[in-house]
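# Please find the sequence and the predicted model below.
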Amino acid sequence: MNPLNDLAALDRAVRSATAQTAISDIHTHLFPPSHGRLLLWGVDELLTYHYLVAELFLVAPRQLTPQKFWTLSKPRQADLVWQHVFLAGGAMSEAARGVVTTLNALGLDVAGRDLASIRKWFAGQRIGDYLPRVFQMAGLDYAVMTNNPFAADEAECWRRKEPVPRQLRTALRIDTLLLDWPAAAKAMQAAGYRTAARPDARSCAAARRFLADWAGRIKPMYLAASLPPEFAYPARSTMAAVLDKLVLPTAMEFSLPLTLMIGVRRAVNPALGDGSAAVGVADVTAVQHLCQEYPRVKFLVTMLSRVNQHELCVLARKFGNLHVFGCWWFCNNPSIIEEMTRMRLELLGTAFTCQHSDARVLDQLIYKWSHTRKVVADVLAEKYRDLMAAGWRPTEEEIRRDVRMIFGGAFAAFCAK
Ligand code: RAT
Ligand code: ZN
């Protein structure tokens, strides 16, 4: 194909590639429909997303306490978010705008503000048809789930070998192992693995068998954990010992990348449930030491604090076994996505994954990705303009290649290395 040589054609090519390229969503909290109530979808789940529950208590009247909120039914909770965050509050936040985008894209009259008729529409959907429709609307080829073998309800679904649609892939989540060894040991013991309250040699051997069995059972794309800002490596901690004796040897044995999401300060206000976490600045040298110490392990890393992004990006230039991804949680806002994507392009070319959705509710895929596509299109359009001004003439195919790279191609190439 011919190199593009005028700015208008360049802009059109960038915007159409960004709108149409298939995306691989490398971290979500979705489940297969066969896992029943674990898969969240529909308007009441959208409205009670923990990002919005946290926002409700910024504006709710004093007598509405979180304790009282949690005793209510899901539709009543959703009514309260609708009333206070949307109708009275103006729906200005990114999470609130996301609900508007999603309902509107589904053809529902969200501006009409008639929640009852929106609920009626969702009640008429069948999840078997609805899931592929959402994936198609979001333009995804697949999404990676978060599969926690330490959660009894999740583990049970895998033991029953329930079917998984082709749009969903697996990831083995190991937070409990790293952050709460006694709880992990108890769960492993209940499943028949001889693990003691301390990670001694025998317990680590049993836990390695546990991980090996789960890797065989669900065939994960990677191992994953989200960690506090205090995460340090090397360290004289149980977590560092579990990493060295158990997790990293497993990663090497099964060629599984290790995904680390660093910087979450959990339960700052426990009454808010999943929305109770805040962010802290982490020490990026922990990632550096892991990359140096374990050159055969691939690390996929995202960090929660905006402050950490530049240092992490520079580190990714130094190690072929480090891949940065996503604008996680409190970074998943247009202003921060824009700045992070621009910086990553400038420092890493297209060797990174610009976003993951972290969707907990199926329908969120629609807004999380349409919002991201828009911001990424603006940033890329500017970058290609600058490149053209410098004398380069990209073709439409090259633009599509580059867009695919940051929407999942670079992740696939990294995993295949
Ligand atoms: O973004 C979120 O929904 C968070 O609650 C967490 O799930 C976080 O993404 C994680 O995976 O730990
Ligand atoms: Zn997550």
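That came in fine, so what should we check first? Ligands and ions are numbered 1, 2, ... in the order given.
# show me the contacts for residue 383.
342, 345 (Cβ atoms under 8 Å, 6 or more residues apart in numbering). C-betas here are computed from N, CA, C, even on glycine.
# Quick one: name the residues of the stretch 151-300 of the chain near ligand 1.
Residues of the stretch 151-300 of the chain found near ligand 1 (Cβ under 6 Å from any ligand atom) are 226, 261, 274.
# Any chance of these in CSV with secondary structure as columns?
Formatted as CSV, those follow (DSSP: H, G, I helix; E, B strand; the rest coil):
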residue, secondary structure
226, strand
261, strand
274, helix
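# from these, which would you call buried?
Applying a neighbour-count criterion of 16 or more other Cβ atoms under 10 Å, the buried members of those are 226, 261.
# now, which of the residues of the stretch 151-300 of the chain next to ligand 1 sits nearest residue 404?
Within these, the smallest distance to residue 404 is 23.7 Å, found for residue 261 (Cβ to Cβ).
# Of all residues in the stretch 101-250 of the chain, which one is closest to ligand 1?
With Cβ to the nearest ligand atom as the measure, the residue in the stretch 101-250 of the chain that lies nearest ligand 1 is residue 226; the distance is 3.5 Å.
# do the helix or strand hosting residue 382 and ligand 1 meet at all?
Secondary structure assignment for residue 382, by DSSP states H and E: helix 364-390. No - judged by Cβ under 6 Å from any ligand atom, helix 364-390 and ligand 1 are separated, with a smallest distance of 9.7 Å.
# neighbours of residue 29, just the number please.
When neighbours are defined as other Cβ atoms under 10 Å, residue 29 has 20 of them.
# Return the per-residue confidence for the residue lying closest to it once chain neighbours are set aside.
Of all residues not flanking residue 29 in the chain, residue 360 sits nearest, at 4.3 Å (Cβ to Cβ, 6 or more residues apart in numbering). For residue 360, the pLDDT comes out at 98.
# Please give me every residue in contact with residue 360.
With contacts defined as Cβ under 8 Å, 6+ apart, the neighbours of residue 360 are 28-30, 40, 45, 49-50, 274.
# just residue 354 next, same as before
Applying Cβ under 8 Å, 6+ apart, we find residue 354 in contact with 325-327, 337, 341, 344, 372, 376, 406-407.
# What of residue 252?
Contacts for residue 252 were tallied using Cβ under 8 Å, 6+ apart; they are 294, 296-297.
# Now do whichever helix or strand residue 45 is part of: which elements does it pack against?
Taking DSSP H and E as the definition, one finds residue 45 inside helix 43-47. The criterion is 3 or more Cβ pairs under 8 Å, 6 or more residues apart in numbering; DSSP states H and E, and the helices and strands that helix 43-47 contacts are helix 74-81, helix 94-105, helix 115-123.
# Pick the most deeply packed of these.
Comparing the helices and strands packed on helix 43-47 on average neighbours per residue, with mean count of other Cβ atoms under 10 Å, the densest one is helix 94-105 at a mean of 19.
# The nearest residue to residue 183 once chain neighbours are set aside: what's it in contact with?
Ranked by Cβ to Cβ, 6+ apart and with sequence neighbours excluded, the top spatial neighbour of residue 183 is residue 176, at 5.5 Å. When contacts are counted by Cβ under 8 Å, 6+ apart, residue 176 is found next to 148, 150, 183-184, 187.
# redo that, cut-off 10 Å
For residue 176, the set of contacting residues under the criterion of Cβ atoms under 10 Å, 6 or more residues apart in numbering consists of 148-151, 182-188, 225.
# Mind exporting the C-alpha coordinates of the helix or strand hosting it to CSV?
Counting by DSSP H and E, the secondary-structure element that holds residue 176 is helix 175-179. This file holds the C-alpha atoms of helix 175-179, laid out as CSV (Å, rounded to 0.1, in the frame of the first residue of the first chain):
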residue,chain,number,x,y,z
ASP,A,175,-2.7,-13.0,46.0
THR,A,176,-3.7,-15.2,48.9
LEU,A,177,-0.4,-17.1,48.6
LEU,A,178,1.7,-14.0,48.6
LEU,A,179,-0.3,-11.8,51.1
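# Okay, residue 417 and residue 410: tell me how far apart.
From residue 417 across to residue 410, the span is 11 Å (Cβ to Cβ, to the nearest Å).
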